[in-house]
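> Structure for this input, please:
(one chain, ligands or ions: 2)
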Amino acid sequence: MTRAFYIGRFQPYHFGHHTIIKQIAEEVDELVVGIGSAQKSHESTDPFTAGERVLMVYNALENLPIRHYVLPIEDIKYNSIWVHHVASRTPHFEVVYSNNPLVIQLFREAGVCVKQSPLYIRERYSGTEIRRRMVAGEKWEHLVPKSVVEVIKEIDGVTRLRNVSASDNNSSL
Ligand SMILES: Nc1ncnc2c1ncn2[C@@H]1O[C@H](COP(=O)(O)OP(=O)(O)OP(=O)(O)O)[C@@H](O)[C@H]1O
Ligand SMILES: NC(=O)c1ccc[n+]([C@@H]2O[C@H](COP(=O)(O)O)[C@@H](O)[C@H]2O)c1
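Ligands and ions are numbered 1, 2, ... in the order given. Modelled structure (predicted):
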């Protein structure tokens, strides 16, 4: 039995993440999805709360054919003990899938097997690009699973993102 770990901020969860998670599900028996930077919300780069992101990911993974867990993970100040921090909040896993250089480095130093997950059409599927579209009033709905559109509409997430982005801009004046 192999259990894998995949972490992202998911601000928001998009088809890039979704495509990779479906590929991972073909290779392992169980998957733990970490909602990273769980303490963050209401910022232009991190507009959604951990709870909202749990809903996005959980609903999008409804039909994933393997057992999976969606768990919020807060950031800590010490990178050197982050792997232990993660381990204390998750079921034990044998392999990590990531593209984030720091995540890869920290897990490899801790002796955990890391597989580099490929990027799926990165220029289209990127949280930064999706948030830019939301603020600019451009179409973004086709870049995320339908269940993510529903969560963002329910919480009026686009208005929130525009408001917090506007206050970011004001504070830098
Ligand atoms: N298009 C994509 N295809 C596959 N994996 C992706 C894609 N975009 C991001 N990832 C990966 O998903 C993980 C989590 O990324 P994250 O939630 O930060 O998404 P992001 O799109 O990079 O967001 P942001 O632009 O806000 O930084 C990382 O390992 C990242 O490399
Ligand atoms: N010291 C820490 O708290 C620490 C270290 C490495 C990664 N992380 C988190 O892991 C997640 C990695 O996901 P991304 O690939 O989306 O950046 C982020 O939420 C990041 O903050 C946290």
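
> Remind me which helix or strand residue 4 belongs to.
Using DSSP states H and E, residue 4 sits in strand 3-8.

> Need the residues that contact that strand.
With C-beta atoms under 8 Å, 6 or more residues apart in numbering as the test, strand 3-8 has contacts from 17, 20-21, 24, 27-36, 73, 86, 90-98, 100, 103, 117. (Each C-beta comes from the backbone N, C-alpha and C, glycine too.)

> partners of it, with directions?
Using DSSP bridges, the strands paired with strand 3-8 are strand 30-35 (parallel), strand 95-98 (parallel).

> hmm, back to that, show me how to select, in ChimeraX, the buried members of the contacts of strand 3-8.
Of the contacts of strand 3-8, the buried ones go into a single ChimeraX selection, burial set by 16 or more other C-beta atoms under 10 Å:
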select :17,20,21,24,28,30,31,32,33,34,35,36,73,86,90,93,95,96,97,98,100,103,117
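
> ok, and which of the contacts of strand 3-8 reach ligand 1?
Restricting the contacts of strand 3-8 to those near ligand 1 by C-beta under 6 Å from any ligand atom leaves 17, 20, 98, 100, 117.

> Need the pLDDT of the fourth one.
This points to residue 100. Looking at residue 100, its pLDDT is 95.

> try residue 170
62.

> what's around residue 115, how many residues?
14 (other C-beta atoms under 10 Å).

> so which of the ones next to ligand 1 among the contacts of strand 3-8 also contact ligand 2?
With C-beta under 6 Å from any ligand atom as the criterion, the ones next to ligand 1 among the contacts of strand 3-8 include residue 100 near ligand 2.

> Sticking with residue 13, tell me its helix or strand.
Residue 13 belongs to no helix or strand, assigned by DSSP H and E.

> Thought residue 145 was touching it, still the case?
Yes. The criterion here is C-beta atoms under 8 Å, and residue 13 meets it with residue 145 at 7.2 Å.

> Ligand 1 contacts on the protein?
Within reach of ligand 1 by C-beta under 6 Å from any ligand atom, the chain has these residues: 8-11, 16-17, 20, 98-100, 117, 119-122, 125-128.
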